[in-house]
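# Build me a structure from this.
(chains A and B)
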Amino acid sequence: MSCRKIPRSVTQSSKKRDFFLNLISKSTTTEHLNQTHTQIIRNGFSNDLVTITKLTQKLSDFGLMNQAYNLFSSFSKPDIFLFNVIIRSLSHNNHHSSSFSLYYQLRKKTSLKPDNFTYALLISSSSYLESPEIGYWIHCHSIIDGFQSDPFVGSSVADFYLKFNQVQNARKAFDKITNPDAVSWNTLISGLVRNCCFSESIKVFEGMLLSGTRFESTTLAAVLPAAAELQDMRTGKYVHCLAVKTGFFTHVYVLTGLVSLYSRCGDILTSKFVFEQINEPDLVSWNAIISGYSCNGEAGFSVKLFKDFIGSGFKADSSTIVGVLPVFSPFGHLCLCKSVHGLSIKFGVNLNSSVSTALITVYSRLNEIGSARKLFDEAPNKSLATWNSMISGYTQNGFTDSAINLFKHMQILEIRPNPVTLTSILSACAQLGAITLGKWIHELVIKEEFQSNAYVSTALIDMYAKCGSIDEANSLFENMKEKNVVSWNAMISGHGLHGKGDKALNLFTEMLNTGISPTGVTFLSLLYSCCHSGLISEGDRIFRIMKTDHSIEPGQEHYACMVDLHGRAGKLEQALEFIKQMPVEPGPGVWGALLGACMTRNNKNLAKVASDELFELDPGNIGHLVLLSNIYSTDQSYQEAAKVREIARRKNLKKIPGCTLIEVGGTTIKISRHQVFE
DNA sequence: TGTGTGTGTG
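Numbers count the residues shown, from 1 in each chain, chains lettered A, B, ... in the order given. So this is what the prediction gives:
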């Protein structure tokens, strides 16, 4: 008899509990939840662990941390469930250190055993701390308690190591998981991407597919940035197909990832197509397409989209600004740059470090070095990139002294340079002929262990070559482990500069034998070398094979070099003939080369032809007038020389005296070369 | 019978 009665009351009680659990779950407001709590107390369920655990969690989800904690504390004997819930609440409310106090309490003051839930939560908390030590401890405890192969614990351990940039340890933890689930794989893939291990992350993604684990849209979104970074279209297109097949092609994160991928690979049309498939593009989607157009030099579209974006009521964030800015510099759109700068102030992101860096870069490129410096001085949080952008801004605008001073300032502030900083400073040294500083930077490169960086070693080669130490440049080049096309170019033009055309040509043959494909710059360096060594027929041959053997269209600079090559040899008529047969309109560089040759060869008539073209094409440039006037003077045609000077005076043009830089006893000094029109 | 890890686009 009683046997029947007890179950009935248990059933009744359990039904009531279900009722309360349901009420808690459905509570949508704090008020509602508090009313439910009152009912729970009235019905004598305030000591029911199950109900209270659920209530505690809901309170914490509503951000009512204190109430949740009081409820927990009111229990003299909480079980592991309640402990886990309160640890989770603390961790979700950023009270990470309190979770560890609770863990301590759990181990010292109770006989409860932490389970896989407890460890997963605690390790996750550890990854938000400043240093990894506590995480190491918890990880050890979890191994001792036998949770090493648990996917929840294992995933959070892997994530913990990835957050502390310990990729190898993360891999070890992942490999210990018996049956990694989608979360485990996603954690590893995205963590590898955050640690810039792009190809590894793609390999893991392939491993996941082979393992047969069902991937999620988040998996595709996680691996796409790796494919974009490596410009790996094969993986990208494969992910695209998978997304279409599985129906994830509607998912905004996946689509946005594809937009970036195609933009990065230069396929802006597909990028635009994918963008149009996004139902409701969010801020990040807009940023992806705007920066996509921007990176691919599509200024008009980029600006139009940016306007559409602002017009749809979106608030630009720092990434929008950083994404749209680069498109302005190649086209000299100072006005647009200024208006985006204004918008960045309006949206309150102008002091963001990446925004100031992008603005400094774009103003520098537009030769607005004063505005760039103002932004630099006003930037409250200067990253290394901010310093670098200002230094290279100075270097590229020829303000080498300012670049070096800023670098010295960095040294005083004990800001450690990176390869980018040193590359810029080396370029400044090369421009200045500052060999002593250059050598000191070389020592710094060795100290910081940047020798293996291709950009740095190339900048060193260029610096030594331009400062006259061709042997030093050559020995560095010989010792480079991985030479890229830029290093070869630097060494070729180094030899050219030193009048060693034959060496430059031999190096080119060697380069082709190594399997490196030449670029336009390689040919420019070669033509330049031929020019400086008087190798006319070799120069002609190089110019020919450039197009026939290597499918590189010559640019204005190549044509100008060819005119120079013939001009220097005194074959002025041939040079003119060459210009006439050019398949593209000759630019100022080409006519300038002819004018220069006329100067050395005293050819007054041809000089007039070249000058007339130059006045049309490049009216603001005083250099041409100087050359022409000098030609007339040398020829003793003083009246004509005077006429040219008169034109210059009327145009209010004044020649900035040219100078040569040499280093004497560690100091660079200027030696005036021309003193014309002063 | 109440608790969970983690990830995503620029």
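
# Where does the stretch 401-550 of chain A get nearest to DNA strand B, residue-wise?
Taking C-beta to the nearest atom of the strand as the measure, the stretch 401-550 of chain A has A:V420 as its residue closest to DNA strand B, at 19.8 Å. Yep, even glycine has a C-beta here, placed from its N, CA and C like the rest.

# Check the burial of that residue by counting its neighbours.
18 (other C-beta atoms under 10 Å).

# Verify the contact between it and A:N388 for me.
Yes - the criterion here is C-beta atoms under 8 Å, and A:V420 meets it with A:N388 at 4.7 Å.

# Skip the chain neighbours and tell me the closest residue to A:T386.
A:T357 (4.6 Å; C-beta to C-beta, 6 or more residues apart in numbering).

# ok, now how distant is the one you found from A:I40?
Distance of A:T357 to A:I40, given as C-beta to C-beta, to the nearest Å: 56 Å.

# residue ranges for the strands of the stretch 551-678 of chain A, please.
A:659-664, A:667-672 (DSSP state E, counting those that start in this stretch).

# The residue of the stretch 301-450 of chain A found nearest DNA strand B: what's it in contact with?
The minimum distance from the stretch 301-450 of chain A to DNA strand B, using C-beta to the nearest atom of the strand, falls at A:S319 (3.1 Å). With contacts defined as C-beta atoms under 8 Å, 6 or more residues apart in numbering, A:S319 is in contact with A:284, A:287, A:291, A:354.

# Where does whichever residue of the stretch 51-200 of chain A sits closest to DNA strand B sit: helix, strand or coil?
Closest to DNA strand B within the stretch 51-200 of chain A is A:S124: 2.7 Å, counting by C-beta to the nearest atom of the strand. Under DSSP: H, G, I helix; E, B strand; the rest coil, A:S124 falls in the helix class.

# what's near enough to touch the closest residue to it other than its chain neighbours?
Closest residue in space to A:S124, ignoring its immediate chain neighbours: A:S156 at 4.7 Å, by C-beta to C-beta, 6+ apart. Neighbouring residues of A:S156 by C-beta under 8 Å, 6+ apart: A:119-121, A:123-124, A:127.

# now swap in A:L255 and tell me
Contacts for A:L255 (C-beta under 8 Å, 6+ apart) come out as A:249, A:274-275, A:277-278, A:285.

# let's see it at 10 Å
By C-beta atoms under 10 Å, 6 or more residues apart in numbering, the contact list for A:L255 reads A:217, A:220-221, A:224, A:240, A:243, A:248-249, A:274-279, A:281, A:285, A:288.

# For the stretch 201-350 of chain A, which segments count as helices?
A:217-229, A:233-246, A:252-264, A:268-277, A:283-295, A:299-311, A:318-324, A:334-346 (DSSP state H, counting those that start in this stretch).

# what's A:E448 sitting at in phi/psi?
phi -90, psi 0 (degrees, to the nearest 10).

# For it, give me its contacts.
Per C-beta under 10 Å, 6+ apart, neighbours of A:E448: A:416-419, A:421-422, A:456.

# what's the answer for A:D308, then?
With C-beta under 10 Å, 6+ apart, A:D308 has these contacts: A:286, A:289-290, A:314.

# so what secondary structure elements neighbour the helix or strand hosting A:M491?
A:M491 is part of helix A:485-497 when elements are defined by DSSP states H and E. Other helices and strands packing on helix A:485-497, by 3 or more C-beta pairs under 10 Å, 6 or more residues apart in numbering; DSSP states H and E, are helix A:454-466, helix A:470-479, helix A:501-514, helix A:520-533.

# That helix vs helix A:454-466, what angle?
Relative orientation of helix A:485-497 versus helix A:454-466 (axes from the mean of the first three to the mean of the last three C-alpha atoms, to 10 degrees): 0 degrees.

# Can you check what angle separates helix A:485-497 from helix A:470-479?
150 degrees.

# could you dump helix A:485-497 to PDB, C-alpha only?
Provided in PDB are the C-alpha atoms of helix A:485-497 (Å, rounded to 0.1, in the frame of the first residue of the first chain):
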ATOM      1  CA  VAL A 485      63.000  38.300 -56.800                       C
ATOM      2  CA  VAL A 486      63.400  41.600 -54.900                       C
ATOM      3  CA  SER A 487      66.800  40.500 -53.500                       C
ATOM      4  CA  TRP A 488      68.000  39.600 -57.000                       C
ATOM      5  CA  ASN A 489      66.800  42.900 -58.400                       C
ATOM      6  CA  ALA A 490      68.600  44.800 -55.600                       C
ATOM      7  CA  MET A 491      71.900  43.000 -56.400                       C
ATOM      8  CA  ILE A 492      71.500  43.400 -60.100                       C
ATOM      9  CA  SER A 493      70.900  47.200 -59.800                       C
ATOM     10  CA  GLY A 494      73.800  47.300 -57.200                       C
ATOM     11  CA  HIS A 495      76.200  46.000 -59.800                       C
ATOM     12  CA  GLY A 496      74.700  48.400 -62.400                       C
ATOM     13  CA  LEU A 497      75.200  51.400 -60.100                       C
END
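
# List the buried residues in it.
A:485-497 (16 or more other C-beta atoms under 10 Å).

# Make JSON lines out of the residues you listed and add distance to A:G520 and pLDDT.
Output for the buried residues of helix A:485-497, formatted as JSON lines (distance: C-beta to C-beta, whole Å; pLDDT from 0 to 100):
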{"residue": "A:V485", "distance to A:G520": "11", "pLDDT": "90"}
{"residue": "A:V486", "distance to A:G520": "12", "pLDDT": "89"}
{"residue": "A:S487", "distance to A:G520": "16", "pLDDT": "89"}
{"residue": "A:W488", "distance to A:G520": "13", "pLDDT": "93"}
{"residue": "A:N489", "distance to A:G520": "10", "pLDDT": "93"}
{"residue": "A:A490", "distance to A:G520": "15", "pLDDT": "91"}
{"residue": "A:M491", "distance to A:G520": "17", "pLDDT": "92"}
{"residue": "A:I492", "distance to A:G520": "13", "pLDDT": "94"}
{"residue": "A:S493", "distance to A:G520": "13", "pLDDT": "91"}
{"residue": "A:G494", "distance to A:G520": "18", "pLDDT": "92"}
{"residue": "A:H495", "distance to A:G520": "18", "pLDDT": "92"}
{"residue": "A:G496", "distance to A:G520": "15", "pLDDT": "91"}
{"residue": "A:L497", "distance to A:G520": "18", "pLDDT": "89"}
